[in-house]
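quick one: sequence and predicted model below, then my questions.
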Amino acid sequence: RTSSRDGGAFALGASAQLRGSRLRGVLNSLSADFIACSFALLGEDGCLCEIGKRAVWSYERREAASAAARYVAIALDSTIEQAPWWMGRTLRLLSARTEACVLHGL
């Protein structure tokens, strides 16, 4: 069972659901152990997009954890403030892709 409250339970549940495969992308807003777990679930050319604000990893820490995976920290609060049209369009696109089963969550 996947949990958003316990990093270890999240890692075990997500790994079981993936059945040995890896993710191409992760949109993460959780902190602490969840960032490390999210990187562990990525494939070599994967990308972790971080929208959280607490305990966000530095690019140096990401490099030490996974040199092959990309890491993008997105400051949603300032993005929404500076470009609300872009944020709205992006969220609608993600929603449409999820509805079309093109974007899969855990």
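Yep, that arrived.

count the residues that sit near the residue found closest to residue 32 once you drop the neighbours it is linked to in the chain.
Taking C-beta to C-beta, 6 or more residues apart in numbering, and ignoring the residues beside it in sequence, residue 32 has residue 55 as its nearest neighbour in space, at 5.8 Å. Heads up, the C-betas are built off the backbone N, CA and C, glycines and all. Neighbour count for residue 55, taken as other C-beta atoms under 10 Å: 12.

can you tell me the SS state at residue 55?
The three-state assignment at residue 55 reads coil, by DSSP: H, G, I helix; E, B strand; the rest coil.

surely it meets residue 33?
No: counting by C-beta atoms under 8 Å, residue 55 stays clear of residue 33, with 9.7 Å between them.

which residues touch the residue nearest to residue 32?
For residue 55, the contact set (C-beta atoms under 8 Å, 6 or more residues apart in numbering) comprises 31-32, 35.

pull the longest helix from this protein.
Selection of the longest helix in the chain by residue count, based on DSSP state H, yields helix 84-99.

with only the CA atoms kept, save it in PDB.
Extracted C-alpha coordinates of helix 84-99, given in PDB (Å, rounded to 0.1, in the frame of the first residue of the first chain):
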ATOM      1  CA  PRO A  84      -1.100  32.700 -13.900                       C
ATOM      2  CA  TRP A  85      -2.100  32.000 -17.500                       C
ATOM      3  CA  TRP A  86       0.900  29.600 -17.900                       C
ATOM      4  CA  MET A  87       0.100  27.800 -14.600                       C
ATOM      5  CA  GLY A  88      -3.600  27.500 -15.500                       C
ATOM      6  CA  ARG A  89      -2.700  26.100 -19.000                       C
ATOM      7  CA  THR A  90      -0.200  23.700 -17.500                       C
ATOM      8  CA  LEU A  91      -2.600  22.400 -14.900                       C
ATOM      9  CA  ARG A  92      -5.300  21.900 -17.500                       C
ATOM     10  CA  LEU A  93      -2.900  20.000 -19.700                       C
ATOM     11  CA  LEU A  94      -1.900  17.700 -16.900                       C
ATOM     12  CA  SER A  95      -5.500  17.200 -16.000                       C
ATOM     13  CA  ALA A  96      -6.400  16.300 -19.600                       C
ATOM     14  CA  ARG A  97      -3.500  13.900 -19.900                       C
ATOM     15  CA  THR A  98      -4.600  12.200 -16.700                       C
ATOM     16  CA  GLU A  99      -8.200  11.900 -17.900                       C
END
